[in-house]
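Peer 1: sequence first, predicted coordinates after that:
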There are 2 protein chains.
Amino acid sequence: MAPIVQAREVHLVERPDGLPRPEQFAVVARALPAPRHGEFVIRNRFLSIDPALRPPLSNGMTPLQAPIASLAIGEVVVSENRHFPIGAMVVHRLGLRDFALSDGEQVDRLEPRPDEPLHWHLGPLGFTGFTAYAGLFDVARIKPGEIVFVSAAAGAVGSIAAQIAKRVGCRVIGSAGSPEKCAWLSDVAGLDAVINYRAGSLRKSLKAAAPDGIDVYFDNVGGEHLDAALPRMRMHGRVAVCGMISAYNNKGALSEGVTTLATMMYNRITMRAFIWQDHLALWPQFLAAMRGWLASGAIRAEETIHDGLEAAPEALIGLLTGKNLGKTLVRLD
Amino acid sequence: MAPIVQAREVHLVERPDGLPRPEQFAVVARALPAPRHGEFVIRNRFLSIDPALRPPLSNGMTPLQAPIASLAIGEVVVSENRHFPIGAMVVHRLGLRDFALSDGEQVDRLEPRPDEPLHWHLGPLGFTGFTAYAGLFDVARIKPGEIVFVSAAAGAVGSIAAQIAKRVGCRVIGSAGSPEKCAWLSDVAGLDAVINYRAGSLRKSLKAAAPDGIDVYFDNVGGEHLDAALPRMRMHGRVAVCGMISAYNNKGALSEGVTTLATMMYNRITMRAFIWQDHLALWPQFLAAMRGWLASGAIRAEETIHDGLEAAPEALIGLLTGKNLGKTLVRLD
């Protein structure tokens, strides 16, 4: 019989109405039962903190007084399942806790290469990078030479999307909310034009940055960004809707009203919301391409790492308020 | 040398800012020059009055003191072009006038069958019917058994789209703005549920009419209708954006703010604006199918016909204010 493990979980204790506050979360201790046949215990190493965590906190999908789930990477430390032996590395959806009991459902084996930082498998080599890749190639179908606008371009997905678009020969415009992020976009990611959306009129800035219009808008934000981008779209332009973080802290997840949708008609625009899980056929080609780009330095991985389970709420709040550059992670010792 | 023809044209004399007024248009006489080699004169029989006429009146595409163009059907009455002999019937873009001089550019020969009313070639058998067909099959890709919502379902395109969707085995919900139109949708078109959007909350009515959600929204309206429909969309739902008439009389063609776009993410919705010209490969199969449906009575053609060129502004204003059932046409003697 395997030993019982004392685990800690991040619970939602009060449903946020607006920006979440730290006291609406609690770290709760829980004794995990010993794994039965087919079960195993994962010790988490990195937790993925994503915009997608936010809507379930308010829409009822995340119950109160219960663990919040997120994607995570961990190591099997106790096992009664021969497919997941002790020492195996796994990626799974049982995050926002340090130890988790699993029967293998929605858990995948991870085979990290020795030269790859483990946490890249939640970032550029994981679903974050894949979201950028699938959105650009499978949803928006970018072509070299096209003009691509990426909002939240210094964020986890945006920073990868903007760099991929640049590497395949697009002209890339990115927006971010601070001078530091904008400097990263210009100096490190090498974008063609950068907009600080908190400095002046986004609509005017976008017009100046994209005088010839936009073929593809990779939207992480919605709301005001989408309102400004639609009238700039060129004939048969495509909007890949990856997220609408601007709405997630609003009541009922309503965005600011988007008033320019009628412009979709004039240029026959397609707007398509997607999640990476619908595009898994592309995963092998994504992984090969991204490993090459990272190895050559063509794409730079950036992350904001918070330490310790207690930091998870702060990491999420930082993400929602635009504090974090690149991928937001919580590291557990 | 062919005789000179005295023609009359509808001109825009003042740019509307809001709903157009009759005095912003004028009927102006003009002597057509005699056709030179390759040219011919068309005597128009039916003029097509469409929502798409409205935006160019304000956005500058239609010049002031110049003829407004629309699609039309006419007969060649003078010809110096052997491809368009006297007596040939043609469909073209030189409407809102009685006689037009053409060199054949953007003019197509029409071969109406004797049993088909001529004006059907601007309605169910013309670009109006084709817009409905292309939107449903090529853009939204409807499948039998799906739940389809059509706004402005008693309008020119909407009335055909709603009936096609019904004939191929969809559950169809339609909205219209008067009790008479709603009665037509229930009693003649045979829809499964009908909403009078001017009677009560559209959002509540749509929820009641589509308790299981919507797979496909065929949008002719935008604005409040789109705002209400998006949260009702099912997984992988599709919005075929055919028009956004609700915005056309607003300043800068801005719609009322659509606040529910973030719901696109949760169900991975695709919203695609289209015009029929991008889907012409489907025309032969459309024409065959529609002729069959009309011949069997499975689809009913409805039109609101105004007589005489002077009635064109009134016909357009009637269309924009929701007065007209089915296709709006001007008939010239």
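Peer 2: Perfect, I can see it now. Numbers count the residues shown, from 1 in each chain, chains lettered A, B, ... in the order given.

Peer 1: burial count for the residue lying closest to A:I245 once chain neighbours are set aside?
Peer 2: Using CB to CB, 6 or more residues apart in numbering or on different chains and skipping residues adjacent in sequence, the residue nearest A:I245 is A:P51, 4.6 Å away. Yep, even glycine has a C-beta here, placed from its N, CA and C like the rest. Around A:P51 there are 22 other residues, counting by other CB atoms under 10 Å in any protein chain shown.

Peer 1: now do the same for the residue in the stretch 1-150 of chain A positioned nearest to chain B: helix, strand or coil?
Peer 2: In the stretch 1-150 of chain A, the residue found nearest to chain B is A:P55; the distance is 7.4 Å by CB to the nearest CB. Following DSSP: H, G, I helix; E, B strand; the rest coil, A:P55 is assigned to helix.

Peer 1: these two touch, right, it and A:Y248?
Peer 2: Yes. With contact defined as CB atoms under 8 Å, A:P55 counts as touching A:Y248 (5.6 Å).

Peer 1: what's the distance between stretch A:147-160 and the middle of its chain?
Peer 2: 11 Å (CA atoms, centre = their mean, to the nearest Å).

Peer 1: straight-line length of that stretch, end to end?
Peer 2: 16 Å (CA to CA, to the nearest Å).

Peer 1: give me the distance between A:V78 and A:F84.
Peer 2: For A:V78, the distance to A:F84 (CB to CB, to the nearest Å) stands at 10 Å.

Peer 1: I meant to write A:D227 there.
Peer 2: As judged by CB to CB, A:D227 and A:F84 stand 47 Å apart.

Peer 1: buried residues in the least confident helix or strand in chain A by mean pLDDT?
Peer 2: The weakest-scoring helix or strand in chain A, judged by mean pLDDT, DSSP states H and E, is helix A:245-248 (a mean of 84). Going by neighbour count (16 or more other CB atoms under 10 Å in any protein chain shown), the buried part of helix A:245-248 is A:245-248.

Peer 1: what's the closest residue to A:A100 other than its chain neighbours in contact with, if anything?
Peer 2: Excluding the flanking residues, the one nearest A:A100 by CB to CB, 6+ apart is A:L94, at 3.9 Å. Counting by CB atoms under 8 Å, 6 or more residues apart in numbering or on different chains, A:L94 touches A:42, A:44, A:69, A:72, A:100, A:102, A:107.

Peer 1: again, but for A:A208
Peer 2: A:A208 touches nothing, counting by CB under 8 Å, 6+ apart.

Peer 1: which secondary structure element contains it?
Peer 2: Following DSSP states H and E, one finds A:A208 within helix A:202-209.

Peer 1: can I get that helix as PDB, trimmed to CA atoms?
Peer 2: The C-alpha trace of helix A:202-209 is given here as PDB (Å, rounded to 0.1, in the frame of the first residue of the first chain):
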ATOM      1  CA  LEU A 202      -5.900  52.700 -30.200                       C
ATOM      2  CA  ARG A 203      -7.800  53.400 -33.400                       C
ATOM      3  CA  LYS A 204      -5.500  56.200 -34.500                       C
ATOM      4  CA  SER A 205      -2.400  54.200 -33.500                       C
ATOM      5  CA  LEU A 206      -3.600  51.200 -35.500                       C
ATOM      6  CA  LYS A 207      -4.300  53.300 -38.500                       C
ATOM      7  CA  ALA A 208      -0.800  54.800 -38.300                       C
ATOM      8  CA  ALA A 209       0.800  51.300 -37.800                       C
END
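
Peer 1: chain center to that helix, what's the gap?
Peer 2: Between the centre of helix A:202-209 and the centre of its chain there are 26 Å (CA atoms, centre = their mean).

Peer 1: give the buried residues for it.
Peer 2: A:202-203, A:205-206, A:209.

Peer 1: off-centre distance for stretch A:126-139?
Peer 2: Counting by CA atoms, centre = their mean, stretch A:126-139 comes out at 10 Å from the chain centroid.

Peer 1: mean confidence score for it?
Peer 2: Across stretch A:126-139, pLDDT averages out at 98.

Peer 1: quick check: end-to-end length of it?
Peer 2: 18 Å.

Peer 1: in a strand, A:P112, correct?
Peer 2: No. Applying three-state DSSP, one finds A:P112 to be coil, outside a strand.

Peer 1: and it, how far from A:V157?
Peer 2: 21 Å.

Peer 1: which one of these two is surrounded by more residues?
Peer 2: A:V157 (28 against 15).

Peer 1: number of residues surrounding the residue of the stretch 1-150 of chain A closest to chain B?
Peer 2: Neighbours of A:P55 using other CB under 10 Å come to 22.

Peer 1: could you do A:V241 as well?
Peer 2: Neighbour count of A:V241, defined by other CB under 10 Å: 27.

Peer 1: who's in contact with it?
Peer 2: With CB under 8 Å, 6+ apart, A:V241 has these contacts: A:219, A:222, A:271-274, B:261, B:264-265.

Peer 1: which residue packs closest to it, ignoring adjacent ones?
Peer 2: Once flanking residues are discounted, A:V241 sits nearest to A:A273: 3.9 Å by CB to CB, 6+ apart.

Peer 1: the one you found reaches B:M264, doesn't it?
Peer 2: Yes. Using CB under 8 Å, A:A273 is in contact with B:M264, at 3.9 Å.

Peer 1: pick out whichever of those two has more residues nearby.
Peer 2: Set A:A273 next to B:M264 and count neighbours by other CB under 10 Å: A:A273 wins out with 28 against 25.

Peer 1: what sits against that one?
Peer 2: A:241-242, B:264-265, B:267-270 are the contacts of A:A273 under CB under 8 Å, 6+ apart.

Peer 1: got the phi and psi for it?
Peer 2: A:A273 adopts backbone torsions of phi -90, psi 140, taken as degrees, to the nearest 10.

Peer 1: repeat that for A:V5.
Peer 2: phi -110, psi 140.

Peer 1: sorry, back to before: by neighbour count, which of the contacts of A:L94 wins?
Peer 2: Among the contacts of A:L94, the one with the most neighbours (other CB under 10 Å) is A:I42, at 29 neighbours.

Peer 1: quick one, which of A:V78 and A:F84 is more surrounded?
Peer 2: A:F84 (23 against 19).

Peer 1: for that one, give its distance to A:R272.
Peer 2: 36 Å.

Peer 1: so how many other residues sit close to the residue nearest to A:G243 when sequence neighbours are not counted?
Peer 2: Excluding the flanking residues, the one nearest A:G243 by CB to CB, 6+ apart is A:N220, at 4.7 Å. The number of residues packed near A:N220 is 26, by other CB under 10 Å.

Peer 1: just the pLDDT for A:N220.
Peer 2: You'll see A:N220 listed with a pLDDT of 95.

Peer 1: which residues of the stretch 51-200 of chain A lie near chain B?
Peer 2: A:P55 (CB under 8 Å from any CB of the partner chain).

Peer 1: how about the strands in the stretch 51-200 of chain A?
Peer 2: A:72-79, A:89-92, A:99-102, A:107-110, A:147-150, A:171-176, A:193-196 (DSSP state E, counting those that start in this stretch).

Peer 1: save these as CSV, and put in mean pLDDT and distance to B:V139 too.
Peer 2: CSV is the format used below for the strands of the stretch 51-200 of chain A (pLDDT from 0 to 100; distance: least, CB to CB, whole Å):
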stretch, mean pLDDT, distance to B:V139
strand A:72-79, 97, 40
strand A:89-92, 97, 37
strand A:99-102, 96, 43
strand A:107-110, 96, 36
strand A:147-150, 98, 24
strand A:171-176, 98, 28
strand A:193-196, 98, 32
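
Peer 1: out of the ones you listed, which is closest to B:A134?
Peer 2: For B:A134, the closest of these is strand A:147-150, at 27.7 Å, according to CB to CB.

Peer 1: and the residue of the stretch 151-300 of chain A nearest chain B?
Peer 2: Closest point on the stretch 151-300 of chain A to chain B, by CB to the nearest CB, is A:G257, at 1.5 Å.
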